[in-house]
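Asks: Build me a model:
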Amino acid sequence: MKLIVVDIQNGIMDNRLYNFDVFIKSVTGIIDAARKNGVEVIYIQHDDGPGTGLSVGDEGFEIAEQVSPKENEKKYIKTINSCFGNSEFADYLNRSGDKDIIIVGLQTNFCIDASVKSAFERGYNVIVPGEANTTFDNDYMDGQTTYKYYNDMMWPERFAKCISVDAVIKMMER
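Replies: Modelled structure (predicted):
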């Protein structure tokens, strides 16, 4: 089992995110439980390119302090929505032989959705903990509706096992 922490970066981490405080509490709890139970934590960072504020070298690119990686934890950079767009990450995960992956992070309707579906297509058992992904309001839906669309309707029974944070932590404790 591996925990994939996606795009929790300074440039997109603020209280405009739906259910922000609960999101932070959920993700930090999952990361702490993973470390405590020997589940590898892997970080993914999105690079939107020079001049965007979300590129290598920009403060916005850096992983948010609340979820800072430990020195020995792997970090991969991607330039497209799916984590699997980084071939080094995809190869590492494939070589590890682990088929159970937990995906948390930002943003529900972009990189989390793309990564969940890409992982599913590659034969992974995808686990999405409730309240451990979030997004902003957009021109079509508010953040809450977007979150519920994916977590309650789109992913369960199709692409991922969507379960509570407590259930995920119990899985890690086995």
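
Asks: Show me which residues of stretch 24-36 are buried.
Replies: Within stretch 24-36, the residues scored as buried using 16 or more other C-beta atoms under 10 Å are 24, 26, 27, 29, 30, 31, 33, 34. Where you see a C-beta, it was placed from the backbone N, CA and C, and this is true even at glycine.

Asks: what about residue 71, which helix or strand?
Replies: Using DSSP states H and E, residue 71 maps to neither a helix nor a strand.

Asks: burial measure for it, as a count.
Replies: Using other C-beta atoms under 10 Å, residue 71 has 4 other residues around it.

Asks: How about residue 23?
Replies: Other residues close to residue 23 by other C-beta under 10 Å number 24.

Asks: what about the residue nearest to it when sequence neighbours are not counted, neighbour count?
Replies: Closest residue in space to residue 23, ignoring its immediate chain neighbours: residue 134 at 4.5 Å, by C-beta to C-beta, 6 or more residues apart in numbering. Neighbours of residue 134 under the rule other C-beta under 10 Å: 28.

Asks: Residue 134 pairs with what?
Replies: Beta-bridge partners of residue 134, counted by DSSP bridges, are residue 106.

Asks: My understanding was that it contacts residue 25; is that so?
Replies: No: distance between residue 134 and residue 25: 11.7 Å, which falls outside the contact criterion (C-beta atoms under 8 Å).

Asks: distance of the spatially most distant residue from the centre of the chain from residue 58?
Replies: Relative to the mean C-alpha coordinate of the chain, counting by C-alpha atoms, centre = their mean, the farthest residue is residue 51 (24.2 Å). Residue 51 sits at a distance of 9 Å from residue 58 (criterion: C-beta to C-beta, to the nearest Å).

Asks: Tell me how far stretch 74-83 lies from the chain's centre.
Replies: Distance of stretch 74-83 from its chain centroid, counting by C-alpha atoms, centre = their mean, to the nearest Å, is 11 Å.

Asks: next one: stretch 132-145
Replies: Averaging C-alpha coordinates over stretch 132-145 and over its chain gives two centres that are 15 Å apart (C-alpha atoms, centre = their mean).

Asks: Can you show me the CA trace of that stretch as PDB?
Replies: This file holds the C-alpha atoms of stretch 132-145, laid out as PDB (Å, rounded to 0.1, in the frame of the first residue of the first chain):
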ATOM      1  CA  ALA A 132      -9.000  14.200   1.900                       C
ATOM      2  CA  ASN A 133      -9.400  16.000  -1.500                       C
ATOM      3  CA  THR A 134     -11.000  19.300  -2.300                       C
ATOM      4  CA  THR A 135     -11.400  22.100  -4.800                       C
ATOM      5  CA  PHE A 136     -12.500  25.700  -5.400                       C
ATOM      6  CA  ASP A 137     -15.800  27.000  -6.700                       C
ATOM      7  CA  ASN A 138     -15.800  27.200 -10.500                       C
ATOM      8  CA  ASP A 139     -18.000  28.800 -13.100                       C
ATOM      9  CA  TYR A 140     -20.300  25.700 -13.200                       C
ATOM     10  CA  MET A 141     -20.400  24.300  -9.600                       C
ATOM     11  CA  ASP A 142     -19.400  25.400  -6.200                       C
ATOM     12  CA  GLY A 143     -16.600  23.400  -4.400                       C
ATOM     13  CA  GLN A 144     -19.000  21.400  -2.400                       C
ATOM     14  CA  THR A 145     -21.100  20.200  -5.400                       C
END
